[in-house]
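Q: Sequence first, then the predicted structure, then my questions.
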Amino acid sequence: MSQGEDTRQSHRTIDRMAAILDHLARTPSGCTLSELAQAARAPLTTTQGIVRGLVHNGYADQNKRRYFLGRTTYLLNRRAGRELLPGISRSLLARVHEQVRLSVVLSVRIGEVGYYIDHISEDPKFGHLAEDLLERPLLENSAGWVHLASMERAQLWEYLAKHSDQAELVSAFLAQMPKILGTDLSVAPRISKSAAGIAMGIREDGRLVSVVSVIGERHELEERRQHVVNVLTSERDLRRS
């Protein structure tokens with residue numbers, strides 16, 4: 001293949017990727033693989049390869065064989081100093097914080113890692129996690145458990161297989177998974193040796209889009225566990241009404 005042909009092929013792939021992302025952005029109800037192939041004017045097998053890459057890197061999400069725009073684009077905008085998260089009001093974090101008097105953080109999942117992207121906290125130990133947009137391993141915090149429970153099953157089993165060296169955490173998560181699926185709440189104050197968290201999923205049109213977590217020292221969460229659960233449950237029910 002000549003250099004010119006190679007360049008045209010690279011541009012074609014980028015053009016197809018851009019067309020797919022644009023179509024996802026214009027279709028909040030989600031798209032099938034066939035619809036994306038039509039939008040990209042590409043063969044189904046070619047589109048499938050592109051979409052898999054987009055899902056792996058968080059530019060697209062998959063749910064029940066439909067694809068949605070992912071949250072990597074949001075993270076890039078946050079890193080650029082732009083505030084963009086439609087549907088999630090900072091007032092929600094403020095209401096929870098006012099009632100529990102502990103750090104409250106908002107997280108999203110991108111690919112196979114979580115990120116804290118906003119927070120209200122007087123404790124720098126937890127606030128910096130959101131301010132610095134640091135990666136958070138999904139198995140090692142309560143918000144991550146909510147994100148994991150929402151994954152497509154094939155993707156979840158693949159993720160857990162990759163983390164077989166953390167067998168104790170995997171077993172603990174699987175034991176809690178039915179409760180998380182039923183409530184969108186993860187009450188797991190013993191995941192970490194020091195910090196602890198109680199997390200609530202935020203859904204839009206039935207899809208998990210982010211997670212609100214109350215985090216603090218283990219003894220603090222143990223003492224206020226039921227109160228924190230009641231506050232988060234109230235907020236969840238308010239959003240559903």
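A: Yep, it's here. Numbering: from 1, shown residues only.
Q: what residues does stretch 222-238 touch?
A: Here stretch 222-238 makes contact (Cβ atoms under 8 Å, 6 or more residues apart in numbering) with 92, 95-96, 99-100, 102, 183-185, 187, 189, 196, 198-201, 212, 214, 221. Any C-beta I mention is one placed from the backbone N, CA and C, and that applies to glycine too.
Q: Could you do stretch 63-72 as well?
A: With Cβ under 8 Å, 6+ apart as the criterion, stretch 63-72 contacts 21, 24-25, 28-33, 36, 51, 54-55, 57-62, 108-111, 152, 207, 209.
Q: next structured bit after the helix or strand of the chain with the lowest mean pLDDT?
A: When the helices and strands of the chain are scored by mean pLDDT, DSSP states H and E, helix 124-131 comes last with a mean of 67. The helix or strand immediately downstream of helix 124-131 is strand 135-137, counting by DSSP states H and E.
Q: Check which helices and strands that following strand sits against.
A: strand 113-120, helix 142-150 (3 or more Cβ pairs under 8 Å, 6 or more residues apart in numbering; DSSP states H and E).
Q: Could you tell me the angle between whichever strand or helix holds Leu221 and helix 142-150?
A: Using DSSP H and E, the element containing Leu221 is helix 218-240. With axes from the mean of the first three to the mean of the last three Cα atoms, to 10 degrees defining the directions, helix 218-240 sits at 50 degrees from helix 142-150.
Q: so how far is Arg236 from Gln226?
A: 15 Å (Cβ to Cβ, to the nearest Å).
Q: One more: Glu204?
A: 13 Å.
Q: which SS class is the spatially most central residue of the chain?
A: The chain has Arg109 as the residue nearest its centroid, 2.3 Å off, counting by Cα atoms, centre = their mean. Here Arg109 is strand, with the state taken from DSSP: H, G, I helix; E, B strand; the rest coil.
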